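A.B. asks: okay, predicted coordinates and the sequence, questions at the end:
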Amino acid sequence: MNTDFMQALGQIEEEKGVSKDTLLDAIEAALISAYRRNFGSAQNVTVDINRETGEIHVYAKKNVVEEVKDSRLEISLAEAREINPNYEIDDVIELEVTPKNFGRIAAQTAKQVVVQRIREAERSIVYEEYANREDDIVTGIVQRHEHRNVFVDLGKAEATLAPSEQAHNETYKQGDRIKAYVVEVKKTTKGPQILISRTHPGLLKRLFELEVPEIHDGIVEIKAIAREAGHRSKVGVFSCDEDVDAIGACVGPKGVRVQTIVNELRGEKIDIIEWSPDPVQFVSQALSPAKVVSVDIAEGEKIARVVVPDYQLSLAIGKEGQNARLAAKLTNWKIDIKSESQVEQPADTSDNALNENETDEGPTAVYEADDSDYEQEAEEESLPENGERSQQEYEQDEEEKK
């Protein structure tokens, strides 16, 4: 090695961020192993690289003894005093043992070490960059699919979108540009492993922070999120400024802000609800778009008993109980929903009530709901029950027997 090599190390330090001293220390350690492998493994040697010229010197350490048993590790007192008269028994001396052809071995070893350290440094830099972006949004391009996993190119690294983190209503084609939530960054021998999600509630929160300046500035706060990815979400927001409408800020002019988020989530509906410290008011608003007649809170049981108009029962519960389930997750209250006619009937009709605690699905929220769709569902649910139809079938069977 020479001054050109030292200059190259300096350039690597500037471009790759790998310390020159770190590289030299690693090269010295590698050269010790190379020397022992090629010139005798039992010798106790050290390698010194001149930081200015790049010259390499190999020194063997030997103990001063009266009688030499292993010449590779020991030297007699007489021989030691020929070098320096002040040596005594048990002293350790260093003798230069640099081989003539050691330069070729040193150059090859140094190249391997430098390449390895550069790779390690680049992996470490990428890991540090993305480790600091946990719980944040990244944008990438879909590269390929393997075993149902989707791999997304983030530029400096590749992220993995596992099947459990993929929204059911989404398909990811090669070349698609998507935003995703960084769930975890792991450090591995092959570089950082970045796990991302399209279903995490944090994705919805970060998208609102990107699209709504009032949230980014702290004027409007997101107090709670309930999400069923790909279907519907509910977001509870609160304004710290009386002059700022929290819901209006999130919706934006003509719904532009929230529509951008809906488009990014590929059609997922989002309900924006005004958060309230009063559980009665918050539960009532969380069941939107249904209108609530009354809410009775049982603090000890953490249950909210809600009464809605008869024609609003289906709307309050939602398709397959989705609206009520999301409201329960958003408010963190168990919700028992009854219609006005059910309240007037004896208590044994309580089986029709919905206890939201029975579901373990994650929280969600909805922005835009079409009342007509829910009213149509309510009309469909008001049709005769299966038992009534089975009675008609029974009578027909009796006629056929006669």
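C.D. replies: Alright, I've got the coordinates. As the structure is a prediction and not an experimental result, all values here were calculated from the model.
A.B. asks: please make it C-alpha for all contacts and neighbour counts, starting now.
C.D. replies: OK.
A.B. asks: hey, where'd the helices end up in the stretch 201-350 of the chain?
C.D. replies: 201-211, 213-216, 246-251, 256-264, 279-286, 313-317, 322-331, 340-344 (DSSP state H, counting those that start in this stretch).
A.B. asks: low pLDDT regions in the stretch 251-400 of the chain?
C.D. replies: Scanning the stretch 251-400 of the chain with the threshold set as pLDDT under 70 gives 346-400.
A.B. asks: quick one, longest strand in the chain?
C.D. replies: Identified as the longest strand of the chain according to DSSP state E is strand 177-188.
A.B. asks: centre-most residue in the protein?
C.D. replies: Nearest to the geometric centre of the chain sits residue 183, at 1.0 Å (C-alpha atoms, centre = their mean).
A.B. asks: can you name every helix or strand that the longest strand of the chain contacts?
C.D. replies: helix 102-131, strand 137-146, strand 191-197, helix 201-211 (3 or more C-alpha pairs under 8 Å, 6 or more residues apart in numbering; DSSP states H and E).
A.B. asks: reformat those into JSON lines and put mean neighbour count, mean pLDDT and distance to residue 248 next to each item.
C.D. replies: Shown next, in JSON lines, are those (neighbours: other C-alpha atoms under 10 Å; pLDDT from 0 to 100; distance: least, C-alpha to C-alpha, whole Å):
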{"stretch": "helix 102-131", "mean neighbour count": "16", "mean pLDDT": "80", "distance to residue 248": "34"}
{"stretch": "strand 137-146", "mean neighbour count": "17", "mean pLDDT": "93", "distance to residue 248": "24"}
{"stretch": "strand 191-197", "mean neighbour count": "22", "mean pLDDT": "91", "distance to residue 248": "28"}
{"stretch": "helix 201-211", "mean neighbour count": "21", "mean pLDDT": "94", "distance to residue 248": "13"}
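A.B. asks: can I get the ones you listed in TSV with distance to residue 159?
C.D. replies: Putting the helices and strands packed on strand 177-188 into TSV (distance: least, C-alpha to C-alpha, whole Å) gives the following:
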stretch	distance to residue 159
helix 102-131	10
strand 137-146	8
strand 191-197	5
helix 201-211	16
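A.B. asks: can you list the strands that the longest strand of the chain pairs with?
C.D. replies: For strand 177-188, the pairing partners within the sheet under DSSP bridges are strand 137-146 (antiparallel), strand 191-197 (antiparallel).
A.B. asks: quick check: next helix or strand after the first one?
C.D. replies: The reference is to strand 137-146. Using DSSP states H and E, the helix or strand that follows strand 137-146 in sequence is strand 149-153.
A.B. asks: could I get that following strand in PDB with only the CA atoms?
C.D. replies: Output in PDB follows, covering the C-alpha atoms of strand 149-153 (Å, rounded to 0.1, in the frame of the first residue of the first chain):
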ATOM      1  CA  ASN A 149     -45.700 -10.800   0.200                       C
ATOM      2  CA  VAL A 150     -45.400  -7.600  -1.700                       C
ATOM      3  CA  PHE A 151     -41.900  -6.000  -1.900                       C
ATOM      4  CA  VAL A 152     -41.800  -2.200  -2.300                       C
ATOM      5  CA  ASP A 153     -38.800  -0.200  -3.400                       C
END
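A.B. asks: now do the buried residues in that strand.
C.D. replies: 150-153 (16 or more other C-alpha atoms under 10 Å).
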